[in-house]
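In: Here is a sequence together with a model predicted from it:
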Amino acid sequence: MDHAYPEIPVEKLKLYHSMDRKLYSILVFALKRDPKVSVNMIALWIWLELDVLDAVVPNILLSPLNSINGLADEAVACLRCITDTTYLSSSDASEISLSQSVLGEQLSLKFFHENRALAYRGVRMVVENICVKVLDDLMEMAMPRNTERQMVMIPPVDEPMMPRFGGLRRTGESSRSVVPPMDPMISRFGGLRLTGESSRSVVPPVDPMIQKFGGLKLTGESSQSPVPPLHMEEPKENRILFATFSRGYPVFEWELRSYFYRVFGHCVESITMQPVKANEQSLFALIVLTSSAFVDLILRGEEKAKFSVRGKQVWMRKYSPKA
């Protein structure tokens, strides 16, 4: 008989992500921004908090409403920079001075352009593994309001950059969306696409740059899980990741646990850090996951993958015991 590992209740996940939910509510209800685009903004800020900076979402929440709106505009510019290789040199590009002031001086459009592959994968991962679980009810409430707004605002006046990302569009712009949904749970929010990807229409119409990252489902849509069932019978050696760290940039067990929990939920069974003497740094760790499915999900089919945990570089690959 198969025994599946219990999943964390959705309500507990939503409680853990209460600040992310609060910020999303401000975007879509107080600032009346597009619900789908706002998901990508939240995913971008969570990714920055996981991989690059500390306390991104809390710092944004401490800002006044007009500053949050300005940060949202700059987040759209960052997302465009990630998905469009020509955006940085276009006349539309401008520096993100508010983000630099509130979040970190190292942020710039050049930073997102140079790290667009890592950022693209990271933001998409956050949408699929976090937003899909913790923002679905808020988006469902926001969508009717947004639909009414589309009917009375042609063209939109308060979000001039939104037509590139989805939601409202100007007269004459294409309403085709791109890339058939990866999974029934992914299609609702939409996401970003890279230049040159094919397009296929979906319902409701979304702008061509919105579909790639993935999204949420609403009531009545398929709840098929993108992750295969987790079975306890799997051999342990099939579900171990080998993680290595850079000398001089110590990574601690609690940082790894926090990273995996926030991005993938309950997927870690145990973490064994390299044994070291006091005041010495562990340079590797063995991470036992609850299922081999998470190994494939985390590595995205690659032999090894690079992550940034609280700004520190971590390489991960499937563990292969020496003969």
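Out: Received it, and whenever you're ready, just let me know what you need.
In: okay, CA-based contacts and neighbour counts for the rest of this
Out: Will do.
In: For the stretch 51-200 of the chain, which segments count as helices?
Out: For the stretch 51-200 of the chain, applying DSSP state H, counting those that start in this stretch gives helices covering 56-61, 65-83, 97-102, 109-114, 116-126, 132-134, 136-152.
In: The longest one: which residues count as buried?
Out: When you say that, I think you mean helix 65-83. For helix 65-83, the neighbour count (16 or more other Cα atoms under 10 Å) marks 67-69, 71-83 as buried.
In: Please tabulate the helices of the stretch 51-200 of the chain in CSV and include distance to Leu13 and mean pLDDT as additional columns.
Out: Putting those into CSV (distance: least, Cα to Cα, whole Å; pLDDT from 0 to 100) gives the following:
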stretch, distance to Leu13, mean pLDDT
helix 56-61, 16, 91
helix 65-83, 24, 95
helix 97-102, 27, 95
helix 109-114, 29, 94
helix 116-126, 14, 90
helix 132-134, 7, 89
helix 136-152, 12, 73
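In: Next, count neighbours for Gly301.
Out: Neighbourhood size, Gly301 [other Cα atoms under 10 Å]: 10.
In: If I look at it, what pLDDT would I see?
Out: As predicted, Gly301 sits at a pLDDT of 81.
In: Tell me if it really is in a strand.
Out: No - according to DSSP: H, G, I helix; E, B strand; the rest coil, Gly301 belongs to no strand; its state is coil.
In: ok, it to Ala293 distance?
Out: Distance from Gly301 to Ala293, counting by Cα to Cα, to the nearest Å: 11 Å.
In: How about Arg124?
Out: According to Cα to Cα, Arg124 stands 18 Å off from Ala293.
In: Who has more neighbours out of these two?
Out: Arg124 (22 against 18).
In: Next one: Thr272 relative to Phe242, how far apart?
Out: Distance, Thr272 to Phe242, using Cα to Cα: 10 Å.
In: quick one: which of the buried residues of helix 65-83 is nearest Ser38?
Out: Lowest distance from Ser38 to the buried residues of helix 65-83 (Cα to Cα) belongs to Ala72, with 8.0 Å.
In: Quick one: residues contacting that closest one.
Out: Contact partners of Ala72, counting by Cα atoms under 8 Å, 6 or more residues apart in numbering, are Met41.
In: Helix or strand with the lowest mean pLDDT in the protein?
Out: Least confident element among the helices and strands of the chain, by mean pLDDT, DSSP states H and E: helix 136-152 (a mean of 73).
In: Now stretch 27-42: buried residues?
Out: Going by 16+ other Cα under 10 Å, stretch 27-42 has these buried residues: 27-29, 31-42.
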